[in-house]
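Undergrad: Provided below for reference: sequence and predicted model.
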Amino acid sequence: MHNDTGSLPRRDPRWEWIARNRLHPLHEETLAGPVTDSTEAHVWQGPNGLIRRDPHKVGFVGISGLKRIDRSGAQGGTTANQRGGRKAAPADARKSVVIENPAFLITVVPDLPGGRLCAHDRDLFGLARQLADANPDRPGAVLAVVFDELREDGFGDAGVDRLLHYEDRSAASREARAYAPETRLGVLTHIERELLPDHWLFPDSAMGGAELGRRLAAKLGERPATQVWQIEDNGTELRCTGRGAAGVTDISRPLPRIVLALPECAEPVARTRHAAQPLSLSPGQGLAWLPGRIQNLGAVAVDPAQVALSESEFILSAGRGVRDWEGFHKAAEVLGATEGASRVAVDDGFMTRDRQVGASGTWVSARVYIAVGISGAIQHLQGIQSCDKVVSINLDPDCDIIKRADLAVIGDAAQVLAALVALQQKESRSHAA
């Protein structure tokens, strides 16, 4: 290792040789060691003594002016950085932060599709932390407001200090409660009167955040900022930049109280863990004064095979390792997944060109991506880097997609898919009974 004796740095030739040799078993340990005083995970000292910075692990602004963030796993600290061979810091290395008496609140209303945080939600919490931590002498807290069913337990890792969970039990079923903008608006109005947050942040998405944010702005008489992708402090005031004119130009204005932000508006929280302390509202008429004038008849059934790959949240993708195509199609139908394919499967004629996933096909951002018999060419890995969870089913434990996968199943694809189909059918029968 490099040792600092007085003011003279000492060099260890053996350590430098290991750092240059990627095949050495101690290679990753040398790069991940405490060789620099920097607290940033993407900064380390190279074997020649120079400070290295990994551009793939931080957000950057592209030539088009859009904020870009690498979601291959390096940004969130969930997987090893394949390019540099360095492992991300473990979750236990996060600094615990507890804010007992916040000077103000930044309220975030995430989409929570399926009751879990999506990438857009985590970006929004990262943006909220920027606002809450802007002044160290006047610390603020991030309040998350969630509705109905909740399956997420990682709010603290996302940067949440206070968590308010409101569940409307007046409806008979979860499907009927899924769309209740008037009831939710009543809750948000009650929060506004009781807690007086400095800012409201909503995801500018079609999953409910965009509509709810605009409803609240109309109710409070505020002029919201929409399509926001950046917030910065120019020294005198906070300003936000959003997309305008159908996305062809940027509009900069002083930061309003209500903000509707785009994906990749900020880097997700990765270095701290917050308390996410439960918060409850005092009883009041604000929770019931808006009657439900919209009758929700439930979700409309959609054939997953007709969903575009770029819009699907659950993709079952096939590669060269698939031999039983009839079993693959059946598994996609039973599991309710949209079918995808690697370039090899498309070139061989097993799938149509519009089902191709990858840099030369369609870039996907599914919440769950199951790769069946796909080795993981670089173009394919580029196309799935925005997926939240990647599951690999493959016979080769050393294939490249295993390094990207959050869960790897080593086994015959046909047998694994048949077992998944049997489990799903058994679960369906138990619910029907």
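TA: Cool, the structure landed. Residues are numbered from 1 along each chain as shown.
Undergrad: can you pull out the low-pLDDT segments for the stretch 251-400 of the chain?
TA: Residue ranges of the stretch 251-400 of the chain with pLDDT under 70: 283-299.
Undergrad: quick one, strands of the stretch 151-300 of the chain?
TA: For the stretch 151-300 of the chain, the strands defined by DSSP state E, counting those that start in this stretch occupy 162-166, 199-203, 225-233, 238-244, 249-254, 258-261, 272-274, 277-278.
Undergrad: roughly how far out does stretch 333-341 sit from the chain middle?
TA: The chain centroid and the centroid of stretch 333-341 are separated by 22 Å under CA atoms, centre = their mean, to the nearest Å.
Undergrad: report the buried residues of it.
TA: Of all the residues in stretch 333-341, those buried under the rule 16 or more other CB atoms under 10 Å are 334-335, 337-341. Using the backbone N, CA and C atoms, a C-beta is placed for each residue, glycine as well.
Undergrad: inside strands: which ones of those?
TA: Among the buried residues of stretch 333-341, DSSP state E puts 338-341 in strands.
Undergrad: any chance of JSON lines for those residues, columns distance to Gln356?
TA: As requested, those are exported to JSON lines (distance: CB to CB, whole Å):
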{"residue": "Thr338", "distance to Gln356": "13"}
{"residue": "Glu339", "distance to Gln356": "11"}
{"residue": "Gly340", "distance to Gln356": "8"}
{"residue": "Ala341", "distance to Gln356": "6"}
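Undergrad: that older thread, which one of the strands of the stretch 151-300 of the chain lies closest to Leu309?
TA: With distances scored as CB to CB, the stretch of those nearest to Leu309 is strand 199-203 (21.5 Å).
Undergrad: gap between the residue nearest the centre of the chain and Ala19?
TA: Centroid check for the chain by CA atoms, centre = their mean gives Ala119 as the closest residue, at 1.9 Å. Using CB to CB, to the nearest Å, one gets 33 Å for the distance from Ala119 to Ala19.
Undergrad: now for the nearest residue to Gln425 once chain neighbours are set aside: which residues touch it?
TA: Excluding the flanking residues, the one nearest Gln425 by CB to CB, 6 or more residues apart in numbering is Val334, at 6.5 Å. Contacts here follow CB atoms under 8 Å, 6 or more residues apart in numbering; on that basis Val334 touches 420-421, 424-425.
Undergrad: same thing but at 10 Å, please
TA: When contacts are counted by CB atoms under 10 Å, 6 or more residues apart in numbering, Val334 touches 417, 420-425, 428.
Undergrad: try Trp363
TA: Going by CB under 10 Å, 6+ apart, the list of residues near Trp363 reads 309-310, 357, 382-387.
Undergrad: now the nearest residue to Ala405 once chain neighbours are set aside, which residues is it bridged with?
TA: Excluding its sequence neighbours, the residue lying closest to Ala405 (CB to CB, 6+ apart) is Ser392, at 3.9 Å. Note on Ser392: beta-bridge partners Ala371, Ala408, judged by DSSP bridges.
Undergrad: for Asn218, grab the count of nearby residues.
TA: Actually, residue 218 is Ala. It isn't Asn. When counting by other CB atoms under 10 Å, one arrives at 12 neighbours for Ala218.
Undergrad: sorry, slip of the keys, the one I care about is Ala132.
TA: 26.
Undergrad: grab the nearest non-local neighbour of it.
TA: Nearest non-adjacent residue to Ala132 (CB to CB, 6+ apart): Gly140, at 3.7 Å.
Undergrad: what pLDDT does that neighbour get?
TA: We note a pLDDT of 94 for Gly140 in this prediction.
Undergrad: so it touches Ala128, yeah?
TA: Yes: using CB atoms under 10 Å, Gly140 makes contact with Ala128 at a distance of 8.9 Å.
Undergrad: more crowded one of these two?
TA: Ala128 (30 against 22).
Undergrad: one step back: can you pull the contacts of the residue nearest to Ala132?
TA: 99, 102-106, 128-129, 131-134, 161, 197-199.
Undergrad: switch to 6 Å and redo it
TA: Residues near Gly140 by CB atoms under 6 Å, 6 or more residues apart in numbering: 102-104, 106, 132.
Undergrad: as a markdown table, these with distance to Ser365 would be great.
TA: Converted to a markdown table, the contacts of Gly140 look like this (distance: CB to CB, whole Å):
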| residue | distance to Ser365 |
| --- | --- |
| Pro102 | 33 |
| Ala103 | 36 |
| Phe104 | 33 |
| Ile106 | 26 |
| Ala132 | 27 |
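Undergrad: pick the one among the buried residues of stretch 333-341 closest to Met207.
TA: Thr338 (17.1 Å).
Undergrad: neighbours of the residue nearest to Glu167 when sequence neighbours are not counted, just the number please.
TA: Setting aside the residues directly before and after it, Glu167 is nearest to Asp148 in space (CB to CB, 6+ apart), at 5.4 Å. For Asp148, the count of nearby residues is 18 (other CB under 10 Å).
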